[in-house]
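K.L.:
Here is the input, now give the coordinates:
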Amino acid sequence: MVGPASIRSCHSRLLFLFSNRREIALGGAGTMALWALGIVLSAAAVGGVEAGVAAGRGPQSCGFPALFSFGDNNSDVGQHQAMFADLDLPNGQTFFGKYSGRFCDGRLIIDFIAEHLGFPYLGAYFDTYNRNYRHGASFALGGSSLDVAKGWSPFSLDRQFFLFNHFKSLTLHRFNNHTADGMKDDTALNLLPRPEEFPKALYIIDIGQNDFAFDLLNSKAAEAQQSILARLDSFDYSIQALHQWYAANVIMVLNVGPLGCLPYHAKTYLKNNPGSAVDQNGCSKDQNDLIQEFNKQLKARIQKLRGLNPNATLTYVDVYSAKYNLISNARKLGFNDPMKFCCGSYDDRYIPCGRKGFKAESCSDPSKYISWDGIHYTEAANRFVAKQIINGSLSDPPLPLAEACRKP
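P.N.:
This next block holds a predicted model:
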């Protein structure tokens with residue numbers, strides 16, 4: 001979730017954009033022009049790799065040549081910023097020293113994963129200037145959801161797949177129209193994955209939080225539970241499409257985190273539903289019970305999909321447990337009260353961190369906070385979760401990230 005105060009204006013701008021350029025969402029001529037422009041700019045730029053990023057390959061037994069990311073604000077590395085340019089400092093201050101297009105003071109989980117695999121930080125698909133897609137790209141966008149009607153962005157998961165397919169098709173077309181000698185002189189080709197690398201890449205999906213956030217801002221958890229089956233069906237369809245239509249063979253699905261422990265959502269739900277239960281951490285129990293039921297059924301669906309897709313390797317990642325354990329043991333792990341946040345405000349209305357024209361300053365030490373802005377996590381919290389994803393302790397089957405291509 002991006003932030004309720006800015007959601008409607010952002011959504012209106014997106015709807016206006018897509019009503020006039022519908023081809024962008026569907027991978028038509030608008031996207032082609034945008035993508036081609038990005039390649040020209042990238043080819044003209046020096047290097048194209050973010051400064052300060054390790055260029056070497058990390059230790060990975062699967063030898064993943066690329067990483068592709070799909071999802072929402074938890075893994076948006078610049079899509080929202082490229083479209084709206086409203087994520088200023090102090091976003092990005094902890095690690096990048098400048099705004100980075102992330103809803104965070106520093107790195108996201110996907111950034112730590114890219115580091116571990118020895119890749120540059122992924123470039124956002126729409127942030128085409130000075131980007132290097134040699135080892136993958138991110139299609140995640142803040143506000144996105146499984147159901148386009150239950151989020152704050154037209155880029156639902158299936159539409160992100162359309163964008164990926166368009167990116168892949170144009171990449172293949174460009175390679176297929178160059179001879180071996182010609183490729184040496186085409187700088188743009190050095191910024192793109194090789195055609196044979198798409199089936200060997202790692203694909204990560206982190207989405208679903210906004211679907212439930214949207215429902216729970218307007219209804220009780222018991223009512224929102226009626227939508228679980230439809231969301232599972234959407235996940236089911238999307239995973240099979242990514243494998244069967246787009247030739248992704250190694251797919252990791254991150255489950256939905258404890259929505260009821262995000263300070264903004266906990267406060268808003270408890271205000272709208274006085275008397276509803278809270279746990280020992282101050283989290284909304286109704287919301288978390290709903291998410292846990294969804295995650296339980298999602299895990300069962302993925303187990304079933306393994307049998308239906310024997311050529312795919314599907315991993316279920318329980319980030320809910322990692323995040324909830326972090327919140328439950330916040331003080332023992334050196335963090336402040338987990339229901340407090342570092343930047344932004346929502347006393348009268350939600351003001352995103354760094355919003356121009358508003359006072360939304362950062363705390364003095366973000367590393368002591370779990371929540372960055374009441375909705376998103378700090379770099380310190382993301383690092384805690386990422387370490388467990390990397391070592392495989394959250395995964396089913398329980399394999400380290402670098403061995404995710406293996407079948408147990």
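K.L.:
any weak-confidence spans in the chain?
P.N.:
The model of the chain has pLDDT under 70 over residues 1-60, 86, 130, 179-186, 345-349, 356-360.
K.L.:
ranges for the helices of it?
P.N.:
Under the criterion DSSP state H, the chain contains helices at 4-20, 22-25, 29-44, 79-84, 109-116, 157-176, 180-184, 209-216, 221-224, 228-244, 263-272, 285-308, 319-328, 379-391.
K.L.:
any idea which of those helices is most buried?
P.N.:
Comparing these by mean neighbour count (mean count of other C-beta atoms under 10 Å), helix 209-216 comes out on top with a mean of 25. The way it works is simple: take the backbone N, C-alpha and C, and place the C-beta from them, glycine included.
K.L.:
out of the helices of the chain, nearest to Glu196?
P.N.:
helix 157-176 (9.6 Å; C-beta to C-beta).
K.L.:
Any idea how far that closest one is from the middle of the chain?
P.N.:
The chain centre lies 18 Å from the centre of helix 157-176; the measure is C-alpha atoms, centre = their mean, to the nearest Å.
K.L.:
So Ser367 sits against Thr94, correct?
P.N.:
Yes: if you go by C-beta atoms under 8 Å, Ser367 and Thr94 touch, sitting 7.4 Å apart.
K.L.:
which residues are common contacts for these two?
P.N.:
Taking C-beta atoms under 8 Å, 6 or more residues apart in numbering as the criterion, Ser367 and Thr94 both touch Thr378, Glu379.
K.L.:
more crowded one of those two?
P.N.:
Neighbour count, other C-beta atoms under 10 Å: between Ser367 and Thr94, Thr94 has more, with 21 against 16.
K.L.:
What count of nearby residues applies to the closest residue to that one other than its chain neighbours?
P.N.:
Closest residue to Thr94 apart from its sequence neighbours, by C-beta to C-beta, 6 or more residues apart in numbering: Gly106 at 3.7 Å. By other C-beta under 10 Å, 22 other residues sit near Gly106.
K.L.:
Any figure for the gap between Gly106 and Ala381?
P.N.:
To Ala381, Gly106 is 10 Å away according to C-beta to C-beta, to the nearest Å.
K.L.:
same deal with Ser234?
P.N.:
From Ser234 across to Ala381, the span is 28 Å (C-beta to C-beta).
K.L.:
again with Ile207
P.N.:
Computed as C-beta to C-beta, the Ile207 to Ala381 distance reads 19 Å.
K.L.:
same check, this time on Ser238
P.N.:
When Ser238 is compared with Ala381 (using C-beta to C-beta), they lie 27 Å apart.
K.L.:
Name the residues that touch stretch 318-332?
P.N.:
Against stretch 318-332 from outside (C-beta under 8 Å, 6+ apart): 109, 206, 254-258, 261, 280-281, 283, 288, 291-292, 295, 299, 333, 335-338, 370, 377, 381, 384-385, 388-389, 394-396.
K.L.:
what do you get if the cut-off is 7 Å, keeping everything else the same?
P.N.:
Contact with stretch 318-332 is made by 254-258, 261, 281, 291-292, 295, 333, 338, 370, 381, 384-385, 388, 394, as judged by C-beta atoms under 7 Å, 6 or more residues apart in numbering.
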